[in-house]
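J.: structure for this input, please:
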Amino acid sequence: MARFTLPRDLYHGKGALEALKTLKGKKAIVVVGGGSMKRFGFLDKVVAYLQEAGMEVKLFEGVEPDPSVDTVMKGAAAMTEFGPDWIVSIGGGSPIDAAKAMWAFYEYPETTFEDLCIPFNFPTLRTKAKFCAIPSTSGTATEVTAFSVITDYKKGVKYPLADFNITPDVAIVDPALAETMPKKLTAHTGMDAMTHAVEAYVSTMNCDYTDPLALHAIKMISEYLVASYNGDMDARAKMHNAQCLAGMAFSNALLGIVHSMAHKTGAAYSGGHIVHGCANAMYLPKVIKFNAAEPEAAKRYAEIAKFLHLEGTTDAELTDALIAHIKNMNAQLDIPTCIKDYEGGIIDEAEFMEKLPTVAELAVGDACTGSNPRTINPEQMAKLLKCCFYDEEVDF
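T.: Numbering: from 1, shown residues only. Below is the predicted model of the structure:
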């Protein structure tokens with residue numbers, strides 16, 4: 001038996017934000033990030049619509065990129081004090097992910113973060129509040145997923161939280177919010193979505209319900225991401241839908257080691273943070289090559305390539321065509337080919353090599369590794385990470 005879970009309601013298209021008027025409740029807390037939603041007037045609209053629905057509204061502002069355990073605990077305390085029956089989060093993946101974790105601690109103050117880090121170990125939610133997610137970026141799809149990523153900066157580790165309990169009740173996918181994304185964010189979130197869809201399609205948990213969503217998302221992202229990056233707002237609206245479809249796929253089919261590697265390298269180095277979507281984009285071609293040594297995975301990658309009308313006759317040729325396709329997209333999006341070149345070389349080579357055994361072991365133990373189509377051990381992971389650092393060929 002398998003499970004397929006999505007939000008109860010998904011409102012999409014321009015003007016979808018007005019759906020907030022239909023929510024029924026007494027109090028709503030709005031969790032938001034660093035200020036772009038306020039600057040562009042969307043936060044004021046959210047508050048006005050919720051008030052029109054008859055609710056008292058409180059703001060929790062300032063959730064940082066890659067939200068921390070500390071921010072989650074502060075938000076949960078604010079919720080406990082206010083007592084909302086709706087948690088509404090607007091912005092990129094960070095405030096929505098943070099709000100999901102806050103939700104658990106609000107409803108169960110006695111739970112621990114260590115408890116929540118065990119996949120599919122959340123207590124039953126909705127005893128106090130329901131959740132509405134409104135994305136402003138076209139990548140994480142956290143508005144439709146059972147996942148949240150929280151960073152422990154003291155340990156330098158990203159924790160992917162996973163449980164169907166944290167799939168939002170309501171998702172509002174309004175492309176007007178995505179129009180505000182800067183170019184680099186458009187590129188990184190778009191390739192995050194591409195990685196979601198590709199990994200979902202080849203995951204060991206793929207099924208008839210997730211495959212069509214993953215394939216259509218891959219096709220849309222291939223067609224619209226570069227145009228969206230270059231400022232085409234019609235393409236950007238298409239990307240907002242595409243990333244949501246990718247999210248529906250991976251929330252139910254799960255992911256693979258591209259995400260395992262991105263989670264464990266993102267906050268590991270003193271030189272700076274490797275942005276999640278950019279990490280995925282750099283690692284995806286290498287991981288496809290590694291996974292394709294498994295015949296069933298090669299077959300699945302070849303099916304993606306055929307769906308995109310890429311050239312090739314054998315599974316190996318089609319897989320190589322898919323790798324070339326993704327590399328070409330990265331080049332058009334100004335994404336570097338390897339960690340060594342990331343942001344002009346901010347990740348120190350000596351530090352990378354020193355931490356490699358630990359990072360590799362952590363990546364193998366990541367929650368996303370279990371559904372990868374090819375098994376991997378720490379020694380292989382270390383070799384694969386080295387390939388991603390130096391842009392070396394994967395031949396093992």
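
J.: from now on I want contacts and neighbour counts done on CA atoms only, so please keep to that.
T.: Noted.

J.: what's the helix or strand harbouring residue 90 in contact with?
T.: Per DSSP states H and E: residue 90 is located in strand 86-91. Strand 86-91 is contacted by residues 25, 27-33, 37, 43, 95-96, 99, 103, 129-137 when judged by CA atoms under 8 Å, 6 or more residues apart in numbering.

J.: give me the angle between whichever helix or strand comes after that strand and strand 86-91.
T.: Reading on from strand 86-91 to the C-terminus, the next helix or strand found by DSSP H and E is helix 93-107. If you take axes from the mean of the first three to the mean of the last three CA atoms, to 10 degrees, helix 93-107 sits at 160 degrees to strand 86-91.

J.: residue 386 is in contact with residue 339, correct?
T.: No - Residue 339 lies out of contact with residue 386 (CA atoms under 8 Å); the separation is 9.2 Å.

J.: quick one: which of these two has more around it?
T.: Comparing residue 339 with residue 386 by other CA atoms under 10 Å, the one with more neighbours is residue 339, at 27 against 21.

J.: contacts only, for that one.
T.: Applying CA under 8 Å, 6+ apart, the residues near residue 339 are 279, 282, 345, 347, 388, 389, 390.

J.: distance of it relative to residue 13?
T.: Remark: distance between residue 339 and residue 13 (CA to CA, to the nearest Å) = 37 Å.

J.: same thing with residue 389?
T.: In terms of CA to CA, residue 389 sits 40 Å off from residue 13.

J.: those two: which is more packed in?
T.: Under the neighbour definition other CA under 10 Å, residue 389 and residue 13 were set side by side, and residue 389 has more, 21 against 15.

J.: which SSE is that one in?
T.: helix 378-390.

J.: alpha carbons only: can I get that helix in CSV?
T.: Backbone C-alpha positions of helix 378-390 (Å, rounded to 0.1, in the frame of the first residue of the first chain) are rendered in CSV as follows:
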residue,chain,number,x,y,z
PRO,A,378,30.2,6.8,2.5
GLU,A,379,33.3,6.0,0.3
GLN,A,380,31.3,6.4,-2.9
MET,A,381,29.6,9.5,-1.6
ALA,A,382,33.0,11.0,-0.8
LYS,A,383,34.1,10.3,-4.4
LEU,A,384,30.9,11.8,-5.8
LEU,A,385,31.3,14.9,-3.7
LYS,A,386,34.9,15.3,-5.0
CYS,A,387,33.6,15.1,-8.5
CYS,A,388,31.1,17.8,-7.7
PHE,A,389,33.9,20.0,-6.2
TYR,A,390,36.3,19.7,-9.1
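
J.: same question for stretch 42-54, mean pLDDT?
T.: Computed over stretch 42-54, the mean pLDDT rounds to 98.

J.: can you list contacts of it?
T.: Outside stretch 42-54, the residues touching it (CA under 8 Å, 6+ apart) are 17-18, 20-26, 28, 30, 37-38, 56-57, 90, 177.

J.: take that stretch, keep the C-alpha atoms, and write them as PDB.
T.: Listed next in PDB are the C-alpha coordinates belonging to stretch 42-54 (Å, rounded to 0.1, in the frame of the first residue of the first chain):
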ATOM      1  CA  PHE A  42       1.500  41.500  -0.600                       C
ATOM      2  CA  LEU A  43       1.700  41.300   3.200                       C
ATOM      3  CA  ASP A  44      -0.800  44.100   3.600                       C
ATOM      4  CA  LYS A  45      -3.100  42.300   1.200                       C
ATOM      5  CA  VAL A  46      -2.900  39.100   3.300                       C
ATOM      6  CA  VAL A  47      -3.600  40.900   6.500                       C
ATOM      7  CA  ALA A  48      -6.600  42.800   4.900                       C
ATOM      8  CA  TYR A  49      -8.100  39.600   3.400                       C
ATOM      9  CA  LEU A  50      -7.800  37.700   6.800                       C
ATOM     10  CA  GLN A  51      -9.400  40.600   8.600                       C
ATOM     11  CA  GLU A  52     -12.100  40.700   6.000                       C
ATOM     12  CA  ALA A  53     -12.600  37.000   6.900                       C
ATOM     13  CA  GLY A  54     -13.300  38.200  10.500                       C
END
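
J.: in that stretch, which residues are buried?
T.: 42, 43, 45, 46, 47, 48, 49, 50, 51, 53, 54 (16 or more other CA atoms under 10 Å).

J.: what would the residues you listed look like in a markdown table with secondary structure and distance to residue 124?
T.: Listed next are the buried residues of stretch 42-54 as a markdown table, based on DSSP: H, G, I helix; E, B strand; the rest coil; distance: CA to CA, whole Å:
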| residue | secondary structure | distance to residue 124 |
| --- | --- | --- |
| 42 | helix | 31 |
| 43 | helix | 29 |
| 45 | helix | 31 |
| 46 | helix | 27 |
| 47 | helix | 28 |
| 48 | helix | 31 |
| 49 | helix | 29 |
| 50 | helix | 26 |
| 51 | helix | 28 |
| 53 | coil | 27 |
| 54 | coil | 27 |
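
J.: which one of these is nearest residue 395?
T.: Checking those against residue 395 by CA to CA gives residue 42 as the nearest, at 48.7 Å.

J.: next, count neighbours for residue 8.
T.: Residue 8: 11 neighbours (other CA under 10 Å).

J.: burial measure for the closest residue in space to it that isn't next to it in sequence, as a count.
T.: Excluding its sequence neighbours, the residue lying closest to residue 8 (CA to CA, 6 or more residues apart in numbering) is residue 169, at 5.3 Å. Neighbours of residue 169 under the rule other CA under 10 Å: 19.

J.: so residue 169 makes contact with residue 126?
T.: No - shown here, residue 169 and residue 126 do not form a contact pair, counting by CA under 8 Å, at 9.5 Å.
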